[in-house]
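Asker: Sequence and predicted structure below; questions after.
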Amino acid sequence: MKSRYSLSLGKPFGIKVSVHWTFSLLIAWIVLISLGRGLAAPQILMHIVFVLALFVCVVLHELGHSIAAIRLGGAVDSITLLPIGGMAHLSKMPERPMDEFMVSAAGPLVNVVIAGLLWIYVALFHPVDIAAIEFETITAANFPIMLLAANLFIVAFNLIPAFPMDGGRLFRSALSIRMSRLKATRIAKDIGQVFAIVFIVGGLFFNPFLVVIGFFILLGAKGEYEMIKYQDVLKDQTVREIVKTEFAELDVDDTLGKAAERLVQVSDNGFVIMSEGEFAGILTKNDLINGLNSHGREGKIKDVMQTGLQPIHCDTPLFDVYRDMQKNRLYMLPVIENKEFKGILDLENLHEFFLIRKATKINS
(Lines give C-alpha, C1' and ligand atoms only; values in the text may rest on other atoms or scores of the structure.)
Protein backbone atom coordinates (compact mmCIF):
# COMPACT_ATOMS: atom_id res chain seq x y z
CA MET A 1 0.00 0.00 0.00
CA LYS A 2 1.30 3.45 -0.82
CA SER A 3 2.16 5.61 2.13
CA ARG A 4 -0.01 8.48 0.87
CA TYR A 5 -3.06 6.31 1.58
CA SER A 6 -1.93 5.43 5.10
CA LEU A 7 -1.42 7.10 8.47
CA SER A 8 1.87 6.29 10.16
CA LEU A 9 1.59 4.88 13.70
CA GLY A 10 5.30 4.75 14.48
CA LYS A 11 8.28 2.42 13.98
CA PRO A 12 8.43 -0.25 16.72
CA PHE A 13 11.63 -2.31 16.39
CA GLY A 14 12.48 -0.11 13.40
CA ILE A 15 9.48 -1.40 11.41
CA LYS A 16 7.12 1.24 10.03
CA VAL A 17 3.52 0.58 11.09
CA SER A 18 0.67 2.40 9.37
CA VAL A 19 -3.10 2.16 9.10
CA HIS A 20 -4.74 2.32 5.69
CA TRP A 21 -7.55 4.84 5.20
CA THR A 22 -10.02 2.01 4.50
CA PHE A 23 -9.74 1.06 8.19
CA SER A 24 -12.12 3.97 8.83
CA LEU A 25 -14.74 2.11 6.79
CA LEU A 26 -14.63 -0.72 9.34
CA ILE A 27 -15.29 1.73 12.18
CA ALA A 28 -18.15 3.29 10.20
CA TRP A 29 -19.61 -0.18 9.53
CA ILE A 30 -19.47 -1.03 13.25
CA VAL A 31 -21.25 2.21 14.11
CA LEU A 32 -23.97 1.62 11.51
CA ILE A 33 -24.54 -1.98 12.62
CA SER A 34 -24.65 -0.90 16.26
CA LEU A 35 -27.14 1.88 15.54
CA GLY A 36 -29.27 -0.61 13.63
CA ARG A 37 -29.34 -2.81 16.72
CA GLY A 38 -30.46 0.13 18.83
CA LEU A 39 -27.30 0.31 20.96
CA ALA A 40 -26.61 3.42 23.02
CA ALA A 41 -23.55 5.62 22.51
CA PRO A 42 -21.53 4.08 25.41
CA GLN A 43 -22.10 0.58 23.99
CA ILE A 44 -21.08 1.69 20.51
CA LEU A 45 -17.93 3.26 21.94
CA MET A 46 -17.12 0.01 23.74
CA HIS A 47 -17.41 -1.89 20.44
CA ILE A 48 -15.02 0.56 18.78
CA VAL A 49 -12.54 0.25 21.65
CA PHE A 50 -12.73 -3.54 21.34
CA VAL A 51 -11.94 -3.40 17.62
CA LEU A 52 -8.99 -1.09 18.30
CA ALA A 53 -7.72 -3.46 21.01
CA LEU A 54 -8.11 -6.37 18.61
CA PHE A 55 -6.07 -4.58 15.98
CA VAL A 56 -3.32 -3.95 18.53
CA CYS A 57 -3.22 -7.74 18.81
CA VAL A 58 -3.06 -7.92 15.00
CA VAL A 59 -0.09 -5.53 14.97
CA LEU A 60 1.67 -7.69 17.56
CA HIS A 61 0.87 -10.72 15.38
CA GLU A 62 2.52 -9.08 12.36
CA LEU A 63 5.47 -7.91 14.48
CA GLY A 64 5.92 -11.55 15.48
CA HIS A 65 6.28 -12.50 11.82
CA SER A 66 8.51 -9.51 11.11
CA ILE A 67 10.94 -9.92 13.99
CA ALA A 68 11.28 -13.65 13.29
CA ALA A 69 11.96 -12.89 9.62
CA ILE A 70 14.63 -10.32 10.47
CA ARG A 71 16.31 -12.68 12.95
CA LEU A 72 16.47 -15.37 10.24
CA GLY A 73 17.97 -13.14 7.57
CA GLY A 74 14.82 -11.67 6.01
CA ALA A 75 13.96 -8.01 5.52
CA VAL A 76 10.74 -6.17 6.44
CA ASP A 77 9.65 -2.87 4.92
CA SER A 78 6.50 -2.11 6.85
CA ILE A 79 3.25 -3.30 8.39
CA THR A 80 -0.11 -1.97 7.17
CA LEU A 81 -3.41 -2.31 9.01
CA LEU A 82 -6.38 -3.06 6.75
CA PRO A 83 -10.05 -3.69 7.56
CA ILE A 84 -9.47 -7.43 7.06
CA GLY A 85 -6.36 -7.50 9.29
CA GLY A 86 -2.68 -6.68 9.13
CA MET A 87 -0.15 -7.18 6.36
CA ALA A 88 3.61 -7.34 6.86
CA HIS A 89 5.48 -6.29 3.73
CA LEU A 90 8.57 -8.50 3.60
CA SER A 91 11.05 -7.44 0.92
CA LYS A 92 13.02 -10.61 1.59
CA MET A 93 11.54 -13.82 2.97
CA PRO A 94 13.80 -16.53 4.43
CA GLU A 95 13.74 -19.36 1.90
CA ARG A 96 14.89 -22.37 3.92
CA PRO A 97 11.80 -24.48 4.73
CA MET A 98 12.47 -24.50 8.48
CA ASP A 99 13.09 -20.74 8.55
CA GLU A 100 9.84 -20.05 6.67
CA PHE A 101 8.03 -22.40 9.05
CA MET A 102 9.32 -20.46 12.05
CA VAL A 103 8.44 -17.08 10.52
CA SER A 104 4.92 -18.27 9.64
CA ALA A 105 4.35 -19.79 13.08
CA ALA A 106 5.61 -16.71 14.95
CA GLY A 107 2.47 -14.65 14.29
CA PRO A 108 -0.11 -17.14 15.62
CA LEU A 109 2.23 -17.92 18.52
CA VAL A 110 2.04 -14.25 19.57
CA ASN A 111 -1.76 -14.52 19.73
CA VAL A 112 -1.47 -17.69 21.81
CA VAL A 113 0.72 -15.76 24.28
CA ILE A 114 -1.77 -12.85 24.35
CA ALA A 115 -4.64 -15.27 25.00
CA GLY A 116 -2.61 -16.89 27.79
CA LEU A 117 -1.92 -13.55 29.44
CA LEU A 118 -5.59 -12.61 29.23
CA TRP A 119 -6.57 -15.95 30.78
CA ILE A 120 -4.17 -15.31 33.68
CA TYR A 121 -5.62 -11.80 34.09
CA VAL A 122 -9.20 -13.13 34.13
CA ALA A 123 -8.32 -15.96 36.52
CA LEU A 124 -6.45 -13.75 39.01
CA PHE A 125 -7.94 -10.27 38.73
CA HIS A 126 -11.19 -10.37 36.77
CA PRO A 127 -13.10 -13.56 37.64
CA VAL A 128 -16.36 -13.93 35.73
CA ASP A 129 -19.26 -16.32 35.66
CA ILE A 130 -19.27 -17.48 32.03
CA ALA A 131 -22.83 -18.84 32.34
CA ALA A 132 -24.18 -15.49 33.51
CA ILE A 133 -22.21 -13.15 31.26
CA GLU A 134 -23.79 -11.44 28.22
CA PHE A 135 -21.95 -11.93 24.90
CA GLU A 136 -24.26 -10.19 22.44
CA THR A 137 -22.59 -6.83 23.09
CA ILE A 138 -19.15 -5.81 24.33
CA THR A 139 -19.16 -4.64 27.95
CA ALA A 140 -16.54 -3.93 30.58
CA ALA A 141 -17.42 -7.26 32.20
CA ASN A 142 -16.92 -9.45 29.14
CA PHE A 143 -14.22 -7.38 27.39
CA PRO A 144 -11.19 -9.51 28.43
CA ILE A 145 -13.01 -12.79 27.74
CA MET A 146 -14.12 -11.58 24.32
CA LEU A 147 -10.59 -10.39 23.50
CA LEU A 148 -9.20 -13.75 24.65
CA ALA A 149 -11.68 -15.58 22.41
CA ALA A 150 -10.88 -13.26 19.48
CA ASN A 151 -7.16 -14.04 19.77
CA LEU A 152 -7.88 -17.77 19.76
CA PHE A 153 -10.06 -17.23 16.68
CA ILE A 154 -7.18 -15.38 14.98
CA VAL A 155 -4.94 -18.39 15.68
CA ALA A 156 -7.47 -20.88 14.34
CA PHE A 157 -8.36 -18.80 11.27
CA ASN A 158 -4.75 -18.10 10.33
CA LEU A 159 -3.85 -21.78 10.54
CA ILE A 160 -6.31 -22.66 7.77
CA PRO A 161 -4.03 -24.03 5.00
CA ALA A 162 -5.05 -21.35 2.52
CA PHE A 163 -1.90 -19.89 0.96
CA PRO A 164 -0.73 -17.10 1.40
CA MET A 165 -2.23 -17.14 4.93
CA ASP A 166 -0.04 -18.41 7.76
CA GLY A 167 -1.43 -21.94 7.56
CA GLY A 168 -0.77 -22.01 3.82
CA ARG A 169 2.81 -20.87 4.36
CA LEU A 170 3.32 -23.52 7.02
CA PHE A 171 1.98 -26.07 4.55
CA ARG A 172 4.26 -24.75 1.78
CA SER A 173 7.32 -24.90 4.03
CA ALA A 174 6.52 -28.51 4.95
CA LEU A 175 6.14 -29.44 1.28
CA SER A 176 9.42 -27.66 0.42
CA ILE A 177 11.34 -30.21 2.48
CA ARG A 178 10.37 -32.91 -0.06
CA MET A 179 10.14 -30.94 -3.32
CA SER A 180 11.18 -27.70 -5.02
CA ARG A 181 9.87 -24.44 -3.60
CA LEU A 182 8.16 -23.69 -6.91
CA LYS A 183 6.23 -26.98 -6.92
CA ALA A 184 5.39 -26.60 -3.22
CA THR A 185 4.08 -23.08 -3.88
CA ARG A 186 1.94 -24.29 -6.78
CA ILE A 187 0.31 -26.99 -4.63
CA ALA A 188 -0.24 -24.59 -1.73
CA LYS A 189 -1.67 -22.00 -4.15
CA ASP A 190 -4.13 -24.48 -5.66
CA ILE A 191 -5.37 -25.59 -2.23
CA GLY A 192 -5.58 -21.98 -1.10
CA GLN A 193 -7.73 -21.08 -4.08
CA VAL A 194 -10.21 -23.82 -3.14
CA PHE A 195 -10.54 -22.25 0.32
CA ALA A 196 -10.83 -18.81 -1.31
CA ILE A 197 -13.82 -19.93 -3.37
CA VAL A 198 -15.41 -21.40 -0.24
CA PHE A 199 -14.90 -18.07 1.58
CA ILE A 200 -16.38 -16.08 -1.31
CA VAL A 201 -19.46 -18.29 -1.62
CA GLY A 202 -19.92 -18.44 2.15
CA GLY A 203 -19.49 -14.69 2.42
CA LEU A 204 -22.35 -14.08 0.01
CA PHE A 205 -24.67 -15.76 2.50
CA PHE A 206 -23.12 -15.02 5.90
CA ASN A 207 -20.52 -12.24 6.11
CA PRO A 208 -19.30 -9.90 3.34
CA PHE A 209 -15.82 -9.74 4.90
CA LEU A 210 -15.35 -13.39 3.92
CA VAL A 211 -15.77 -12.32 0.29
CA VAL A 212 -12.98 -9.75 0.71
CA ILE A 213 -10.73 -12.32 2.38
CA GLY A 214 -11.49 -14.83 -0.39
CA PHE A 215 -10.43 -12.39 -3.12
CA PHE A 216 -7.35 -11.44 -1.07
CA ILE A 217 -6.33 -15.12 -0.99
CA LEU A 218 -6.97 -15.56 -4.72
CA LEU A 219 -4.94 -12.52 -5.73
CA GLY A 220 -2.25 -12.97 -3.09
CA ALA A 221 -1.62 -16.60 -3.95
CA LYS A 222 -1.46 -15.88 -7.68
CA GLY A 223 0.88 -12.92 -7.21
CA GLU A 224 3.30 -14.79 -4.96
CA TYR A 225 3.32 -17.85 -7.20
CA GLU A 226 4.23 -15.62 -10.17
CA MET A 227 7.06 -14.12 -8.12
CA ILE A 228 8.39 -17.57 -7.20
CA LYS A 229 8.29 -18.56 -10.87
CA TYR A 230 10.43 -15.57 -11.77
CA GLN A 231 12.80 -16.37 -8.92
CA ASP A 232 13.14 -19.98 -10.10
CA VAL A 233 13.87 -19.00 -13.71
CA LEU A 234 16.05 -15.93 -13.08
CA LYS A 235 18.23 -17.38 -10.32
CA ASP A 236 21.95 -17.16 -11.08
CA GLN A 237 21.24 -14.54 -13.77
CA THR A 238 22.58 -10.99 -13.56
CA VAL A 239 21.63 -7.66 -15.09
CA ARG A 240 24.58 -8.07 -17.47
CA GLU A 241 22.57 -10.71 -19.35
CA ILE A 242 19.98 -8.25 -20.65
CA VAL A 243 21.39 -4.72 -20.30
CA LYS A 244 20.41 -2.71 -23.39
CA THR A 245 23.38 -0.88 -24.88
CA GLU A 246 21.37 0.36 -27.87
CA PHE A 247 18.45 2.59 -26.98
CA ALA A 248 16.42 5.59 -28.09
CA GLU A 249 18.16 8.76 -26.94
CA LEU A 250 17.11 12.39 -26.56
CA ASP A 251 18.61 15.55 -25.08
CA VAL A 252 17.36 17.32 -21.95
CA ASP A 253 16.59 20.43 -24.01
CA ASP A 254 14.55 18.63 -26.65
CA THR A 255 10.83 19.34 -26.72
CA LEU A 256 8.09 16.92 -25.76
CA GLY A 257 6.77 17.29 -29.31
CA LYS A 258 10.02 15.89 -30.69
CA ALA A 259 9.83 13.04 -28.20
CA ALA A 260 6.26 12.29 -29.31
CA GLU A 261 7.34 12.17 -32.96
CA ARG A 262 10.23 9.84 -32.10
CA LEU A 263 8.01 7.61 -29.98
CA VAL A 264 6.06 6.31 -32.99
CA GLN A 265 9.35 5.44 -34.72
CA VAL A 266 10.92 3.35 -31.94
CA SER A 267 9.81 0.21 -30.12
CA ASP A 268 11.30 1.16 -26.76
CA ASN A 269 9.22 1.91 -23.65
CA GLY A 270 10.85 5.29 -23.36
CA PHE A 271 14.00 7.30 -23.90
CA VAL A 272 17.38 7.71 -22.30
CA ILE A 273 17.94 11.41 -21.74
CA MET A 274 21.46 12.78 -22.13
CA SER A 275 23.04 16.11 -21.23
CA GLU A 276 26.37 17.04 -22.80
CA GLY A 277 27.07 13.40 -23.53
CA GLU A 278 26.32 12.21 -19.99
CA PHE A 279 23.35 10.23 -18.72
CA ALA A 280 20.80 12.61 -17.19
CA GLY A 281 17.57 10.66 -16.73
CA ILE A 282 14.81 8.59 -18.28
CA LEU A 283 11.59 9.56 -20.02
CA THR A 284 8.98 6.77 -20.09
CA LYS A 285 5.89 6.70 -22.28
CA ASN A 286 3.74 7.62 -19.28
CA ASP A 287 6.05 10.53 -18.42
CA LEU A 288 5.72 11.78 -21.99
CA ILE A 289 1.91 11.52 -22.11
CA ASN A 290 1.54 13.24 -18.73
CA GLY A 291 4.03 15.91 -19.82
CA LEU A 292 2.14 16.61 -23.03
CA ASN A 293 -1.08 17.00 -21.05
CA SER A 294 0.48 19.46 -18.59
CA HIS A 295 3.14 21.29 -20.68
CA GLY A 296 2.09 20.86 -24.31
CA ARG A 297 4.31 19.99 -27.26
CA GLU A 298 6.66 22.90 -26.57
CA GLY A 299 7.41 21.73 -23.05
CA LYS A 300 10.95 20.59 -22.35
CA ILE A 301 11.93 17.01 -21.60
CA LYS A 302 13.99 18.17 -18.61
CA ASP A 303 10.77 19.36 -16.92
CA VAL A 304 9.09 15.94 -16.88
CA MET A 305 11.85 13.30 -17.09
CA GLN A 306 12.77 11.01 -14.20
CA THR A 307 16.00 11.97 -12.46
CA GLY A 308 17.75 10.66 -9.37
CA LEU A 309 17.09 7.03 -10.28
CA GLN A 310 19.31 4.67 -8.34
CA PRO A 311 21.59 3.01 -10.92
CA ILE A 312 22.11 -0.73 -10.78
CA HIS A 313 25.36 -2.58 -11.36
CA CYS A 314 25.81 -5.07 -14.19
CA ASP A 315 26.52 -7.84 -11.68
CA THR A 316 23.37 -7.28 -9.59
CA PRO A 317 21.21 -10.46 -9.38
CA LEU A 318 18.47 -10.10 -11.96
CA PHE A 319 15.65 -11.37 -9.75
CA ASP A 320 16.47 -8.83 -7.02
CA VAL A 321 16.15 -6.04 -9.58
CA TYR A 322 12.91 -7.48 -10.98
CA ARG A 323 11.37 -7.66 -7.49
CA ASP A 324 12.32 -4.04 -6.75
CA MET A 325 11.03 -2.80 -10.12
CA GLN A 326 7.70 -4.54 -9.55
CA LYS A 327 7.42 -3.18 -6.04
CA ASN A 328 8.27 0.41 -6.99
CA ARG A 329 6.54 0.34 -10.39
CA LEU A 330 9.69 1.17 -12.32
CA TYR A 331 9.90 0.42 -16.05
CA MET A 332 13.46 1.46 -16.90
CA LEU A 333 16.63 1.78 -14.84
CA PRO A 334 20.16 2.97 -15.67
CA VAL A 335 22.91 0.33 -15.52
CA ILE A 336 26.49 1.12 -14.55
CA GLU A 337 29.83 -0.67 -14.43
CA ASN A 338 32.94 0.83 -12.88
CA LYS A 339 30.86 3.97 -12.24
CA GLU A 340 30.25 4.40 -15.98
CA PHE A 341 26.85 4.39 -17.66
CA LYS A 342 26.53 1.18 -19.70
CA GLY A 343 22.90 1.10 -20.75
CA ILE A 344 19.41 0.52 -19.40
CA LEU A 345 17.35 -2.31 -18.00
CA ASP A 346 13.87 -2.38 -19.52
CA LEU A 347 11.15 -4.22 -17.60
CA GLU A 348 9.49 -5.36 -20.83
CA ASN A 349 12.77 -6.88 -22.02
CA LEU A 350 13.11 -8.56 -18.63
CA HIS A 351 9.68 -10.18 -19.09
CA GLU A 352 10.71 -11.38 -22.56
CA PHE A 353 13.97 -12.77 -21.18
CA PHE A 354 11.99 -14.63 -18.51
CA LEU A 355 9.67 -16.22 -21.11
CA ILE A 356 12.63 -17.32 -23.24
CA ARG A 357 14.50 -18.78 -20.26
CA LYS A 358 11.33 -20.51 -19.06
CA ALA A 359 10.69 -22.10 -22.47
CA THR A 360 14.32 -23.18 -22.72
CA LYS A 361 14.23 -24.67 -19.24
CA ILE A 362 11.05 -26.64 -19.95
CA ASN A 363 12.42 -28.11 -23.18
CA SER A 364 15.94 -28.81 -21.92
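Answerer: Nice, thanks for sending it over.
Asker: After the helix or strand where Leu219 lies, which helix or strand is next?
Answerer: Using DSSP states H and E, Leu219 sits within helix 208-234. Next in sequence after helix 208-234, counting helices and strands by DSSP H and E, comes strand 249-251.
Asker: if we can go back for a sec, so which elements touch the helix holding Leu219?
Answerer: helix 181-205, helix 318-328, helix 347-363 (3 or more C-beta pairs under 8 Å, 6 or more residues apart in numbering; DSSP states H and E). From N, CA and C alone the C-beta is placed, and that goes for glycine too.
Asker: Go again with 10 Å.
Answerer: If contacts are counted by 3 or more C-beta pairs under 10 Å, 6 or more residues apart in numbering; DSSP states H and E, helix 208-234 sits against helix 23-36, strand 85-92, helix 166-176, helix 181-205, helix 318-328, helix 347-363.
Asker: Now stretch 66-84: average pLDDT?
Answerer: The average pLDDT within stretch 66-84 is 84.
Asker: if we can go back for a sec, next, the buried residues of the helix holding Leu219.
Answerer: Within helix 208-234, the residues that qualify as buried by neighbour count (16 or more other C-beta atoms under 10 Å) are 210-214, 216-218, 220-221, 224-225, 227-228, 230-234.
Asker: before we move on, what about stretch 98-106?
Answerer: Asp99, Glu100, Phe101, Met102, Val103, Ser104, Ala105, Ala106.
Asker: sorry, back to before: now the helix holding Leu219: how far from the chain's centre is it?
Answerer: The gap between the average C-alpha position of helix 208-234 and the chain average comes to 10 Å, counting by C-alpha atoms, centre = their mean, to the nearest Å.
Asker: now do stretch 243-259
Answerer: Between the centre of stretch 243-259 and the centre of its chain there are 34 Å (C-alpha atoms, centre = their mean).
Asker: Ok, stretch 88-95 next?
Answerer: With C-alpha atoms, centre = their mean, you get 10 Å for stretch 88-95.
Asker: ok, the helix or strand bottoming out on mean pLDDT in the chain: who's next to it in the sheet?
Answerer: Lowest by mean pLDDT, DSSP states H and E among the helices and strands of the chain is strand 85-92, with a mean of 76. Applying DSSP bridges, strand 85-92 is found paired with strand 75-82 (antiparallel).
Asker: one step back: identify those among the buried residues of stretch 98-106 that sit within strands.
Answerer: Taking DSSP state E, every one of the buried residues of stretch 98-106 sits outside strands.
Asker: Closest one to Phe353 out of these, please.
Answerer: Minimum separation from Phe353 among those (C-beta to C-beta) is found for Glu100, which lies at 27.6 Å.
Asker: okay, now the nearest residue to that closest one once chain neighbours are set aside: neighbour count?
Answerer: In space, not counting the residues next to it along the chain, Glu100 is nearest to Ser173; the distance is 4.1 Å by C-beta to C-beta, 6 or more residues apart in numbering. Ser173 is flanked by 24 other residues according to other C-beta atoms under 10 Å.
Asker: can you check the one 3 residues further on too?
Answerer: Burial measure for Ser176: 21 neighbouring residues, criterion other C-beta under 10 Å.
Asker: what does the one 5 residues further on give?
Answerer: Applying other C-beta under 10 Å, we find 18 other residues in the vicinity of Arg181.
Asker: my guess is it meets Ser173, correct?
Answerer: Yes - taking contact to mean C-beta atoms under 10 Å, the distance of 9.1 Å between Arg181 and Ser173 places them in contact.
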